[in-house]
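# predicted coordinates and the sequence they were generated for:
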Amino acid sequence: MIGLTPERIAQELQSFNARLTQGARTLHGLGEIETGVSPRDAIHREDKLTLYRYRPRVEKPHPVPLLIVYALVNRPYMMDLQEDRSMIRSLLDAGLDVYLIDWGYPDAADRTLSLADYIQRYMGHCVDALRERCGQDAINLLGVCQGGTLSLCFSSLYPEKIRNLTVMVTPVDFHTPDNLLTHLIRHVNVDLLVDTLGNLPGQLLNFTFLSLSPFRLTGQKYVDLIDILDDAQALKNFLRMEKWIFDSPDQAGEAFRQFAKDFFQQNKLVRGETSIGDRRVDLANVTMPVLNVYATQDHLVPPAASKALAECCGSRDYMEFSFQGGHIGIYVSARAQREVSPTVATWLLAR
């Protein structure tokens with residue numbers, strides 16, 4: 001190779017060693033990696049669940065509360081990762097009264113929890129608590145990823161309780177050709193998996209997600225890390241993301257069984273065949289205004305999987321917003337702070 005002399009190789013190795021040495025010093029001085037930056041107060045608890053209210057950042061927040069329902073498979077502090085990358089802070093700054101369900105960490109005692117427990121009982125109790133607390137017949141709901149699917153189910157079953165529904169990177173049609181996760185799960189014996197393990201280990205699910213983009217998520221990003229080892233702020237940002245990625249709660253076995261079989265394997269949601277408890281979920285009952293936010297480069301929830309909602313829901317006030325980015329960037333990228341949060345806030349406040 002032209003220019004690859006022994007002297008050049010020695011220089012590269014010396015430079016690489018210097019960056020590693022500096023990186024060790026930088027890491028040593030970072031301290032604890034904190035996440036979840038906006039002050040909040042617990043207003044309701046049930047089993048592992050905690051319902052938080054984020055302290056308003058305006059004098060008189062909007063009287064209709066906004067409840068955020070995050071996925072079961074990750075921790076919700078992705079919505080409030082740091083001061084300059086916080087969708088929650090942006091929504092607060094816009095004057096919204098923001099609440100969030102933290103599902104906690106299920107353990108062996110929770111293995112029998114079903115989707116009915118999560119949707120009808122837990123979500124139902126949180127929604128009713130906010131309706132009573134704020135004196136509103138109906139509240140605003142923001143469902144994120146799997147939490148968006150849960151929110152669609154809830155809104156179909158109890159449309160009178162939801163004033164406006166926003167879903168972000170939410171799967172609706174689980175059988176689009178480019179859905180890699182479905183291609184993996186459809187070959188899994190879900191009953192044997194749950195019967196054997198009880199709860200699904202978070203580490204197992206996390207490995208599955210990483211395997212969808214193995215070169216970038218398990219190799220390339222750590223090679224790129226070398227270039228920022230001397231930048232304490234950039235390194236903190238990187239480690240916050242790493243902390244979130246590997247902070248994966250176990251999944252309650254029965255809820256996982258139903259979600260994997262009914263949604264991923266049999267695609268019942270889009271076909272109107274999903275039952276929660278003894279009630280059928282019909283997306284035609286989702287008649288409130290709907291904002292559907294999806295990411296064009298999403299490798300977990302392809303755009304087509306989210307856009308299928310347009311043909312299924314019964315809303316006459318339906319709007320889509322396309323974000324030019326990926327599944328994670330839609331929360332934390334600089335572009336997301338400029339585009340996504342203001343779009344959601346403007347849409348809600350207009351209704």
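Thanks, I have the structure now.
# need the contact list for Ser90.
337, 341-342, 345 (C-beta atoms under 8 Å, 6 or more residues apart in numbering). Heads up, the C-betas are built off the backbone N, CA and C, glycines and all.
# buried subset of these?
Buried members of these, scored by 16 or more other C-beta atoms under 10 Å, are 337, 341, 345.
# in the helix or strand harbouring Phe207, what's buried?
Secondary structure assignment for Phe207, by DSSP states H and E: helix 202-211. Using 16+ other C-beta under 10 Å as the burial criterion, the residues of helix 202-211 that qualify are 202, 205-206, 209.
# okay if I get those residues as CSV plus distance to Phe238 and pLDDT?
What follows is these, written out as CSV (distance: C-beta to C-beta, whole Å; pLDDT from 0 to 100):
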residue, distance to Phe238, pLDDT
Gly202, 21, 87
Leu205, 22, 81
Asn206, 17, 78
Phe209, 18, 70
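# widest-spaced pair of the contacts of Ser90?
Based on C-beta to C-beta, the longest span within the contacts of Ser90 runs between Gln337 and Ala345 and measures 11.9 Å.
# specify the local secondary structure of Ile33.
coil (DSSP: H, G, I helix; E, B strand; the rest coil).
# find the residue closest to it in space, skipping its chain neighbours.
Spatially, and ignoring its direct neighbours in sequence, Ile33 is nearest to Leu239 (4.7 Å; C-beta to C-beta, 6 or more residues apart in numbering).
# quick one: the helices in the stretch 151-300 of the chain?
180-185, 190-197, 202-211, 214-215, 221-225, 232-245, 253-258, 268-271 (DSSP state H, counting those that start in this stretch).
# which one of those helices lies nearest to Arg8?
helix 221-225 (19.6 Å).
# just the C-alphas of the closest one, formatted as CSV.
Provided in CSV are the C-alpha atoms of helix 221-225 (Å, rounded to 0.1, in the frame of the first residue of the first chain):
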residue,chain,number,x,y,z
LYS,A,221,-19.6,2.8,17.0
TYR,A,222,-16.9,1.5,19.3
VAL,A,223,-14.3,2.1,16.6
ASP,A,224,-15.6,5.7,16.2
LEU,A,225,-15.4,6.1,20.0
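# re earlier: which secondary structure elements does the helix holding Phe207 contact?
helix 180-185 (3 or more C-beta pairs under 8 Å, 6 or more residues apart in numbering; DSSP states H and E).
# which other helices and strands contact the helix it packs on?
Partner elements for helix 180-185 (3+ C-beta pairs under 8 Å, 6+ apart): helix 202-211.
# between helix 190-197 and the helix it packs on, find me the angle.
140 degrees (axes from the mean of the first three to the mean of the last three C-alpha atoms, to 10 degrees).
# tell me how far helix 202-211 lies from the chain's centre.
15 Å (C-alpha atoms, centre = their mean, to the nearest Å).
# also stretch 196-205?
On C-alpha atoms, centre = their mean, the centre of stretch 196-205 falls 19 Å from the chain's centre.
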